[in-house]
Each structure stands twice: as C-alpha cells, then as structure tokens.
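In: Need coordinates for the below:
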Amino acid sequence: MNPMRRPLPYFGILLVLALSSSENATTMAQSGTPTMLVPTLDVRAVVTGLTTPVSMAFLGASDMLVLEKNTGQVKRVIDGVVNSTVLDLAVNNSSERGLLGIALHPDFATNSQVYLYWTCTAPHPSDPFFPSQQECSDPPVPGADSTDILAVPLLGNRVDRFIWNGSTLTFDRNIIKLHAFQNDGAPIPVGQGDEAQPARGNHNGGVIRFGPDGKLYVIIGDNGRRGKLQNLPCGPSEVCPGPTVMDDQFGGPDPDNAHLTGVVLRLNDDGTAPADNPFYAAGASTGGEVGSNLQKIFAYGVRNSFGLAFDPVSGALWDQENGDDSFDELNRIDAGSNLGWIQIMGPVDRLAQFKEIETTLFGQNLQQLRWPPSRLADSPADALSRLFMLPGAHYNDPEFSWKFAVAPGGIGFLNSSELGQQYKGDLFVGAATPGLAGGYLFHFNLQGNRRGIAVDDPRLQDRVADNAAKFDISESEGLLIGRDFGIGTDIETGPDGDLYVVSLSRGAVYEIFKK
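Out: Sure thing, here's the model as predicted:
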C-alpha cells in the first residue's frame, strides 16, 4: 500500500434505490398517496413515519418487523404503531448499502431464528484503494452508521442469524460474508481501464428468502466485478480466449471471496453448502476457496436485483434484474441458471438492440469502464458462445423484459385468494424509482404451467415491452394495477391474506385489500 496515493474525486452516483439521508426520506414521505387502478381493490397505510423502510417480515397478525435501510434499525410495528426498536446495527448506508433483507427461519415458531442481510462499517482507509479491514468482527460491534463510501470492509456485506426473544434480536452467528468495497480506479492492475472510476456502493442485492425446500437463498449483484461469474472467463481482457488478466486490485477473475458476486446463493440454515446444489461437484473438484464458493451457487450472471420471490404454487424462484440503460428483466431461475450478464441482457435475440442502446445512448458504458459495451458480441450465437458455463449450467432468457430500463424494485406473489380468486398466485412488481406513475405497481399473470408470463396485450406476445425511452412505461400501461407507491422495495402476503407493499421513499407500509 502506498500512503501517498490520494483518493480520486467523488463525483456522485445517480441513485435509483437509495436515499442519502433521513431528511430526504422525511421530505419524500410527506407527499403522495397510493391509489389502485381496479375498482375492486383499495389501499391504506398500515404504518407511516419510518426512515427508509426496505423490507419486512410478519411475526403474526398486525405484528411485523420492518427494516430501515439507512438507520440499521429493526422496528417492531404492532397494530400500525412502532412499538420498539428491537435491534440497531452500525451500517454503512452509502448508495445501495445498509440494512437490506430479512427472512424468518421456516421453523421460527420453535427456534426463533431471524436472518438479516446488511452492510457493516470499517474505519476510513489510509489508502483509498485498499479497505482498512478484510471483514467485520463477530459479533457485530455497536456504533454509529456511516455514509462514507470507503468506510466498509472488503467483505462488508453479510448475512447473520439472530435469535428473537419476544422483544429483542440477539446475534447468534454469521452465515456468510460477501464483497462490498468498490474503488476500481486503483493504479493496479496497470492499464486496467477504470482509472477514472469513482468509488461506488451499489449492486449489493440484499434480498434473502427461505425456499419451500427449507434452504436460504441470497442474491447479491455484481458489485462492479468483471470476472467469471459475470461471464468473462479471462477477466476484463480485450480478447478471450486469451491471456487471463486480474479483474481488480484484489485479483480475480476466479470467484474467490473477493469476487463472489452476481449470484444467487443457496445455503443450509447454518451457511454451509447443500450437497444437491448444481455446482457442488464442480466445486469439490476445484477445491480451495474458489471451489467452496462454487458449491454455494444456485445461479449466476446477475447484474443487480432488488427483488427475489418464490412462486407459492410451483415453488419456482423468480427475480427481477436491473439492466444498465436497457433490458430490465423478470426471470424464473432454475438450479444452474446462467442469466447472461455481462454478455447478454434481455432476450438473446434482442442482442443487437442491447448493444446499440448501450454503445450510443446515455453514458455509453456498462458503469465499470474496464469492459465497455463496444466489446459486446455482434450476433446471438457469438454471445452465447462467450458465456462462462460451469459444468451443468444452462442459459436462461428472461420471462419478461423492458427494452429501455424502467427500474423495477421489489417483487412478490400473492399467496391467497383474499383479493379475489383472479389474483391468487399472481406476481406483483414495485418500482425502484418514484418517477414513473409516482412509483408504479405492476401486476402479472402467470401461464397455466407457471413457467412464464401470460399476456393479453398483443404488443407483449414476445414478452418484451418495447418502450420508447428510458423510464417510459409505454406498452406496460395494461400491467399497471396501482400508482404513487413511491420506491417499492418489498411485497409480501400478510397473515390476513392481503398484499403489503413497503415504500422506502414514502416511509410507509401499505396494505392492499378488497373493497
């Protein structure tokens, strides 16, 4: 480390999801009232006045835990009133970091286990390109929250298990520690192409869910890495096959702990890898840290996501993924899915449009500069041939996508007929920006076999909304079921069978009910 290095100037980040301060959250929470666009449904606020609420879990009827992204606090809400703060973690909340995800163990009624995904803090580093710590200690140390984008360990994203005693959460054990530190303008590797890149804190994912198989699923975005799990088997090199190059100042492109990003992980409840995971055998033959990580992967090729949910009818896993400027996606994820990023976004037969948009409009880059969109393939066949395919992997086209980004947020299935039989088992999608319809709520029917999206609009027969510009919802008008929800980060079926939406920007949780 060279103490004489100075940090690059920070020019700021366009934040789609995160609010930078509780003052901003309060301001946004004072305006806007959600409305439903169908005559049989209505919406009401369950609780308001929260600071950047991001996710929730029901303890019982009218009893919920709500996470506040920026404060690191878990609030207990009973009968619409904040009853107490049951946990306060010292989070780094810059950009899309913070307290992000919650899941109750399937046997919560007997073991009282609560899982949280969050970003811990570390001292500001003396060298801006190398964090001051590899990871945070266990148990987590209480302290102040931080907005310093560099004040985070290398492995600052983590999933921890806590025990609920009826009034507070107590740390039990760490489940996994994941990559967080992003400052890619380092002078090494020499000539790597990202010298002008500012420090960032986005693409952390953070949604966690227990599946019907009793396993814990964790999604993390690419965190700006450019290695094998981003379908660059030689790293961010000009030509591959060719010489393998380091991804960043920490090595790569192999998925060691510093490069295990852009994945859906499937874990036992203690953090170990289930032996029936799709790449368990490949990991065993690889060995070491990389092999151990391969054994935990359920799917890869993920750019960024704010939504992960299980279909209550089929048990299949779905996510939403945010493109750069084009081709946001809804995906059904099977064991061993390669979702295509960075080589493919949207249906592979739309590759030419993906490349045209990313090379001619907006920033004309894919955020990280060391692998520009000019390197994208010129044909679908070429793109498919470039994918990094682990043994047993298969490529997945999305089940639905938007030509230009509309920034979807949280997703959830309605697991009841309380709103009407016509909505049972349907998929609902929130917005990661309040700019479209004041924060849209989309509604999707699934096909009878539950493997794809059902559509009535002839314009959507190809399962692509050909909107005219970024943040335009043309061809999606028929999918709108609600508006003015702000930034919708979590969608859950409550114990009463109604649908609940967490609004980060409104500081509220809303209930959708049948009139």
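In: Just the element for residue 290, please.
Out: helix 288-294 (DSSP states H and E).
In: same for that helix, what does it pack against?
Out: helix 280-286 (3 or more Cβ pairs under 8 Å, 6 or more residues apart in numbering; DSSP states H and E). Bear in mind the C-beta positions are built from the backbone N, C-alpha and C, glycine included.
In: what's the helix it packs on packed up against?
Out: Partner elements for helix 280-286 (3+ Cβ pairs under 8 Å, 6+ apart): helix 288-294.
In: what do you get if the cut-off is 10 Å, keeping everything else the same?
Out: When contacts are defined as 3 or more Cβ pairs under 10 Å, 6 or more residues apart in numbering; DSSP states H and E, helix 280-286 sits against helix 288-294, strand 297-300.
In: sorry, back to before: do me a favour and average the pLDDT over the helix holding residue 290.
Out: Helix 288-294 comes out with an average pLDDT of 98.
In: Need the CA coordinates for the longest helix along the chain. PDB is fine.
Out: Longest helix in the chain by number of residues (criterion: DSSP state H): helix 351-360. C-alpha atoms of helix 351-360 as PDB (Å, rounded to 0.1, in the frame of the first residue of the first chain):
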ATOM      1  CA  LEU A 351     -28.700  -8.600 -28.600                       C
ATOM      2  CA  ALA A 352     -28.400  -6.000 -31.400                       C
ATOM      3  CA  GLN A 353     -30.700  -3.700 -29.600                       C
ATOM      4  CA  PHE A 354     -28.900  -4.200 -26.300                       C
ATOM      5  CA  LYS A 355     -25.600  -3.300 -27.900                       C
ATOM      6  CA  GLU A 356     -27.000  -0.400 -29.900                       C
ATOM      7  CA  ILE A 357     -28.500   1.300 -26.800                       C
ATOM      8  CA  GLU A 358     -25.500   0.800 -24.600                       C
ATOM      9  CA  THR A 359     -23.000   2.000 -27.200                       C
ATOM     10  CA  THR A 360     -24.900   5.000 -28.500                       C
END
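In: Identify all contacting residues around it.
Out: 323-327, 340, 343-348, 350, 364-366, 372-384, 401, 403-405, 464, 466, 470 (Cβ atoms under 10 Å, 6 or more residues apart in numbering).
In: Equivalent analysis for stretch 37-44, please.
Out: 33-36, 80, 419-420, 422-423, 437, 440-441, 443, 477, 480-485, 498-499, 501, 510-515.
In: Which of those residues fall in strands?
Out: In strands, judged by DSSP state E, the following of the contacts of stretch 37-44 are found: 35-36, 441, 443, 480-483, 499, 501, 510-514.
In: In this structure, which strand is the longest?
Out: The chain, longest strand under DSSP E: strand 169-178.
In: for the helix or strand that that strand is followed by, packing partners?
Out: As assigned by DSSP H and E, the chain's next helix or strand after strand 169-178 is strand 208-210. Applying 3+ Cβ pairs under 10 Å, 6+ apart, one finds that strand 208-210 contacts strand 99-104, strand 113-119, strand 216-220, strand 263-267, strand 307-310.
In: repeat that with 8 Å
Out: Counting by 3+ Cβ pairs under 8 Å, 6+ apart, the packing neighbours recorded for strand 208-210 are strand 99-104, strand 113-119, strand 216-220, strand 307-310.
In: With mean neighbour count, mean pLDDT and distance to residue 289 as extra columns, can I get the ones you listed in CSV?
Out: Formatted as CSV, these follow (neighbours: other Cβ atoms under 10 Å; pLDDT from 0 to 100; distance: least, Cβ to Cβ, whole Å):
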stretch, mean neighbour count, mean pLDDT, distance to residue 289
strand 99-104, 24, 98, 24
strand 113-119, 26, 99, 21
strand 216-220, 26, 99, 17
strand 307-310, 23, 98, 25
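In: mind giving me JSON lines with these and columns for distance to residue 493?
Out: Putting those into JSON lines (distance: least, Cβ to Cβ, whole Å) gives the following:
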{"stretch": "strand 99-104", "distance to residue 493": "14"}
{"stretch": "strand 113-119", "distance to residue 493": "19"}
{"stretch": "strand 216-220", "distance to residue 493": "18"}
{"stretch": "strand 307-310", "distance to residue 493": "10"}
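In: so which of those gets nearest residue 182?
Out: strand 113-119 (11.6 Å; Cβ to Cβ).
In: quick revisit: for the longest helix of the chain, which positions count as buried?
Out: 351, 353, 354, 355, 357, 358 (16 or more other Cβ atoms under 10 Å).
In: Could you list the low-confidence segments of the chain?
Out: Residues of the chain meeting the criterion pLDDT under 70: 1-31.
In: now the helices: where do they sit in it?
Out: 22-29, 108-111, 280-286, 288-294, 351-360, 380-386.
In: buried residues in the second one?
Out: Translated: helix 108-111. By 16+ other Cβ under 10 Å, the buried positions in helix 108-111 come out as residue 108.
In: same deal with the third one?
Out: Residues of helix 280-286 classed as buried by neighbour count (16+ other Cβ under 10 Å): 280, 282, 283, 286.
In: got the contact list for the helix holding residue 290?
Out: 254-257, 260, 273, 279-280, 282-286, 390 (Cβ atoms under 8 Å, 6 or more residues apart in numbering).
In: now for those, which pair is the farthest apart?
Out: Farthest pair in these, by Cβ to Cβ: 257 and 285, 19.2 Å.
In: Check the gap between residue 226 and residue 259 for me.
Out: The gap separating residue 226 from residue 259 is 9 Å, by Cβ to Cβ, to the nearest Å.
In: which one of these two has more residues nearby?
Out: residue 226 (30 against 26; other Cβ atoms under 10 Å).
In: Ramachandran angles for that one?
Out: phi -140, psi 70 (degrees, to the nearest 10).
In: which ones are touching it?
Out: Residue 226 makes contact with 232, 235, 236, 247, 248, 252, 253, 342, 368, 370, 371 under the criterion Cβ under 8 Å, 6+ apart.
In: got a winner among those for most neighbours?
Out: residue 247 (29 neighbours).
In: My guess is that one contacts residue 261. True?
Out: No: with contact defined as Cβ atoms under 8 Å, residue 247 does not reach residue 261; the gap is 10.2 Å.
In: picking that back up, return the member of the contacts of helix 288-294 nearest to residue 74.
Out: Using Cβ to Cβ, residue 260 is the member of those that lies nearest residue 74, at 26.0 Å.
In: From the structure, what's the count of residues near that closest one?
Out: Per other Cβ under 10 Å, the neighbour tally for residue 260 reads 28.
In: which residues does it contact?
Out: Each residue near residue 260 by Cβ under 8 Å, 6+ apart is listed here: 178, 179, 220, 229, 293, 296.
In: Quick check: beta-bridge partners of the residue nearest to the first one when sequence neighbours are not counted?
Out: Going back to what we said before, that points to residue 178. Leaving aside its sequence neighbours, residue 178 sits nearest to residue 157 (Cβ to Cβ, 6 or more residues apart in numbering; 4.1 Å). Note on residue 157: beta-bridge partners by DSSP bridges are residue 119, residue 178.
In: hang on, isn't residue 157 packed against residue 174?
Out: No: using Cβ under 8 Å, residue 157 is not in contact with residue 174; the gap is 11.6 Å.
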